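Participant: could you work out the structure for the sequence below:
(one chain, ligands or ions: 1)
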Amino acid sequence: MGDSVMPGIGRREVLGAAGAAVCGVALTACSSEGDKAPSAASIKGQEIAKVSEVPVGGGKVNQKWRIVVTQPTAGVYKAFSARCTHKGCAVSRPEAGVMTCPCHGSEFAADSGKCLKGPASAPLAAYQVKVEGDGIILV
Ligand code: FES
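Facilitator: The predicted structure is shown next:
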């Protein structure tokens, strides 16, 4: 039988196809969830990063809250929803002042959340933060 060659690979192909389908569903869910990023009120007072985790010019993605914390210039901290405004994938921590979405390549400014490159067109939602001790707190 010609179709029984290397059944292990066939199984992986099936799993891969199932994984792609699940991913598609997840992206759809993320897309609809994109508007449901935690409201500032619901997470107010939460520490989203330690100051030491957010270098000048860089940042950190808080996976629990899906928030990116950045420090565009010394002592200035910014926070944005990590949900890409295209279809809801999580953007990366900033490099050279830019946060990139791994799904389709959208880019966002680390100092403002502004969309620099599509397919996304809207900026990342911004949160207000303050430094308290060694922590960065949502206000
Ligand atoms: S989900 Fe981010 S670019 Fe498509």
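
Participant: how is this protein partitioned into domains?
Facilitator: 2-35, 37-138 (automatic domain parsing).

Participant: does the last one come close to the ligand?
Facilitator: Yes. Domain 37-138 comes into contact with the ligand when judged by Cβ under 6 Å from any ligand atom, the residues involved being 84, 86-89, 101, 103-106, 119-120. From N, CA and C alone the C-beta is placed, and that goes for glycine too.

Participant: and the residue nearest to E53 when sequence neighbours are not counted, its phi and psi?
Facilitator: Leaving out its chain neighbours, the residue that sits closest to E53 by Cβ to Cβ, 6 or more residues apart in numbering is K60, at 4.8 Å. Dihedral angles phi and psi of K60 (degrees, to the nearest 10) take the values phi -140, psi 140.

Participant: what of E53?
Facilitator: On the backbone of E53 - angles per degrees, to the nearest 10 - the values are phi -90, psi -10.

Participant: residues near it, how many?
Facilitator: Counted by other Cβ atoms under 10 Å, the residues lying close to E53 total 17.

Participant: okay, it: pLDDT?
Facilitator: Looking at E53, its pLDDT is 94.

Participant: sorry, back to before: buried ones among the residues of domain 37-138 next to the ligand?
Facilitator: 84, 86-89, 101, 103, 106, 120 (16 or more other Cβ atoms under 10 Å).

Participant: could you find the closest non-adjacent residue to the residue nearest the centre of the chain?
Facilitator: The residue lying closest to the centre of the chain (Cα atoms, centre = their mean) is A90, at 2.5 Å. Computed as Cβ to Cβ, 6+ apart, the closest residue to A90 that is not its neighbour in sequence is A82, at 4.8 Å.

Participant: I figured the one you found hits V69, correct?
Facilitator: No. A82 is beyond contact range of V69, at 9.6 Å (criterion: Cβ atoms under 8 Å).
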